[in-house]
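Undergrad: Structure of the sequence below:
(one chain, ligands or ions: 2)
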Amino acid sequence: MNKYAIAPSILSADFTRLREEIVACESAGADWLHIDVMDGHFVPNITMGPFIVEACRRVTELPLDVHLMIEKPERHLAAFARAGATRLNVHVETCPHLHDTLRQIKSLGCGAGVALNPETPVGAIEAVMSEADLILVLSVHPGFSGQEFIPETIAKVAYIRKKLDAVRSPAWIEVDGGINVENVGKVKDAGATAFVAATAVFKHPRGTEAGIKALRAIIG
Ligand code: DX5
Ligand code: ZN
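TA: Numbering: from 1, shown residues only. Ligands and ions are numbered 1, 2, ... in the order given. Have a look, this model is predicted:
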């Protein structure tokens, strides 16, 4: 297993060729596949549900890192687990009983991640830091790929790194939004260990494989 994970977000993949896109990710050395689930309520956009997760599961053995940008995620966790999700990442802003939700995810046999929006302070997740397998730090306002990276995220990552290290947590710190060859080194140096990218991978001028390899060349 790589120490640093690259997680292409299929949000910017060509869905008429989803299988080829996923195969290209795999052969270029992607570690996980990131699937952005949006409900048109928590975020303005509507994307995919368990049906797409299940389709991905049939074409790859890569871990499926499912990012749930939906209200009341607890109602849908079992369906995503059944569809083959490896890890379910819920937003702290949508979970009044975050402890219970993370436990529910684990009882379904999935890894449990917690995501925070750019304006949500780290204090909102401190109480569950030792329960989470992954902290997902949004570095854009969730809803769309192709947005610009918010630079304040770097200090947030560094702060989360300090907190996790203090409790000797092995949790991943995943940064999601606007990641590219210009900023990925900085977020890694701040302590991130997993990097989501849609545009930088699937819209790379020389293709998907080149997009992944360009990121890998920087983060190792
Ligand atoms: C934002 C999503 C991200 C996004 C990444 O709502 O969670 O995963 O698709 O896209 P890029 O890499 O284009 O910012
Ligand atoms: Zn995402």
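Undergrad: mind listing the strands for the protein?
TA: All strands of the chain, identified by DSSP state E, fall at 5-8, 33-38, 64-69, 87-91, 111-116, 134-138, 172-176, 194-197.
Undergrad: Around ligand 1, pick out the residues from the chain.
TA: 9, 11-12, 34, 36, 67, 140, 142-143, 145-147, 176-179, 196-200 (Cβ under 6 Å from any ligand atom). Heads up, the C-betas are built off the backbone N, CA and C, glycines and all.
Undergrad: do that again at 8 Å, thanks
TA: Within reach of ligand 1 by Cβ under 8 Å from any ligand atom, the chain has these residues: 9, 11-12, 34, 36, 38, 43, 45, 67, 69, 138-147, 149, 176-180, 196-201, 203.
Undergrad: So which of the residues you listed belong to helices?
TA: Among these, the ones falling in helices (DSSP state H) are 199-201.
Undergrad: Next, the angle strand 111-116 makes with the longest helix seen in the chain.
TA: Ranked by number of residues, the top helix in the chain under DSSP H is helix 153-166. With axes from the mean of the first three to the mean of the last three Cα atoms, to 10 degrees as the basis, helix 153-166 and strand 111-116 are set at 140 degrees to each other.
Undergrad: And helix 153-166, what's buried?
TA: 153-154, 156-157, 160-161, 164 (16 or more other Cβ atoms under 10 Å).
Undergrad: Was I right to think residue 135 contacts residue 175?
TA: No: contact criterion Cβ atoms under 8 Å: residue 135 and residue 175 do not qualify, at 9.7 Å.
Undergrad: pLDDT score for the closest residue in space to residue 3 that isn't next to it in sequence?
TA: Closest residue to residue 3 apart from its sequence neighbours, by Cβ to Cβ, 6 or more residues apart in numbering: residue 193 at 7.0 Å. The per-residue pLDDT reported for residue 193 equals 98.
Undergrad: Distance check, residue 193 against residue 51.
TA: Counting by Cβ to Cβ, to the nearest Å, the gap from residue 193 to residue 51 is 30 Å.
Undergrad: Kindly report the same for residue 210.
TA: 30 Å.
Undergrad: Can you pick out the residue with more neighbours from these two?
TA: Each of residue 210 and residue 51 has its neighbours counted (other Cβ atoms under 10 Å); residue 210 has more, 13 against 9.
Undergrad: Single out the residue in this structure that lies closest to ligand 2.
TA: residue 67 (3.7 Å; Cβ to the ion).
Undergrad: That residue touches residue 39, doesn't it?
TA: No: here residue 67 does not reach residue 39: they are 12.0 Å apart, not a contact under Cβ under 8 Å.
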